[in-house]
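S.K.: Build me a model:
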Amino acid sequence: MPAIERLTADDFDADVKELAGLLVDVVDGGASVGFLAPFGHEEAAAWWRSQAPAVADGSLLVWVCRDGSAVTGPVTGTVTGPVTGTVSLALATKPNARHRAEIVKLMVHREARGRGLSRALLAAAEQAALDAGADLLLLDTETGSTAEHVYRTGGWTRYGVVPDYAGSPDGTLQDCSFFYKKLTASG
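M.R.: Sure, this is the predicted structure:
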């Protein structure tokens with residue numbers, strides 16, 4: 001299992017450039033993660049910087065995996081090397097929704113795919129959700145994508161498909177699958 005690091009607010013600020021490079025790579029690779037091509041590094045960095053207040057207030061938790069990470073599982077402290085993957089967990093802020101959270105921006109660099117990074121990042125976010133008292137997770141992804149396969153085989157339940165929900169980087173409208181995962185047997 002690759003080493004996964006949760007970013008503190010200071011780490012996040014220091015890693016915006018690396019996170020931006022990863023985001024550009026996945027958009028260039030055709031991933032439907034909310035952005036249209038052409039998509040440059042400055043635009044990606046600006047988007048990540050716009051997430052800093054949520055990271056600072058704890059409503060958005062962000063993990064990274066880095067190239068060259070030791071195969072030791074989740075870690076505390078800094079792991080060196082370029083960011084090869086990330087996932088975020090958006091905790092609900094409404095009083096009646098504290099039992100749920102959303103997985104957002106699970107991304108793995110095209111050159112690092114096939115190593116189990118998506119599953120390791122997802123496992124870190126799922127454990128953190130439980131630790132935060134959120135046992136119901138939600139997410140959405142492009143129907144038929146590799147990501148959809150990761151979720152289906154990782155115990156997630158698809159509860160619907162919305163046609164033409166979001167555009168791919170080239171602007172073509174794509175169907176989107178919505179998933180949930182109950183992390184505990186009782187609610």
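
S.K.: Confirm that Ala166 sits in a helix.
M.R.: No. Assignment of Ala166 by DSSP: H, G, I helix; E, B strand; the rest coil gives strand, placing it outside any helix.

S.K.: pretty sure it contacts Val33?
M.R.: No. Contact criterion C-beta atoms under 8 Å: Ala166 and Val33 do not qualify, at 9.1 Å. (C-beta placed from N, C-alpha, C; glycine too.)

S.K.: where in the protein is pLDDT low?
M.R.: For the chain, the stretches flagged by pLDDT under 70 are 1-2, 68-80, 185-187.

S.K.: longest single helix anywhere in this protein?
M.R.: Looking across the chain with DSSP state H, the single longest helix is helix 9-28.

S.K.: Quick one: name whatever helix or strand follows it.
M.R.: Following helix 9-28 in sequence order, the next helix or strand is helix 41-50 (DSSP states H and E).

S.K.: Could you check how far that following helix is from the centre of its chain?
M.R.: Centroid separation for helix 41-50 versus its chain: 16 Å, with C-alpha atoms, centre = their mean, to the nearest Å.

S.K.: for it, packing partners?
M.R.: With contacts defined as 3 or more C-beta pairs under 8 Å, 6 or more residues apart in numbering; DSSP states H and E, helix 41-50 has these neighbours: helix 9-28.

S.K.: Same question for the helix it packs on: list its buried residues.
M.R.: Across helix 9-28, burial judged by 16 or more other C-beta atoms under 10 Å covers 12, 15-16, 18-20, 22-27.

S.K.: Helices of the protein, residue ranges please.
M.R.: With DSSP H as the criterion, the chain has helices spanning 9-28, 41-50, 52-57, 117-131, 146-153.

S.K.: out of those, nearest to Met107?
M.R.: Comparison of these against Met107 by C-beta to C-beta identifies helix 9-28 as nearest, at 4.7 Å.
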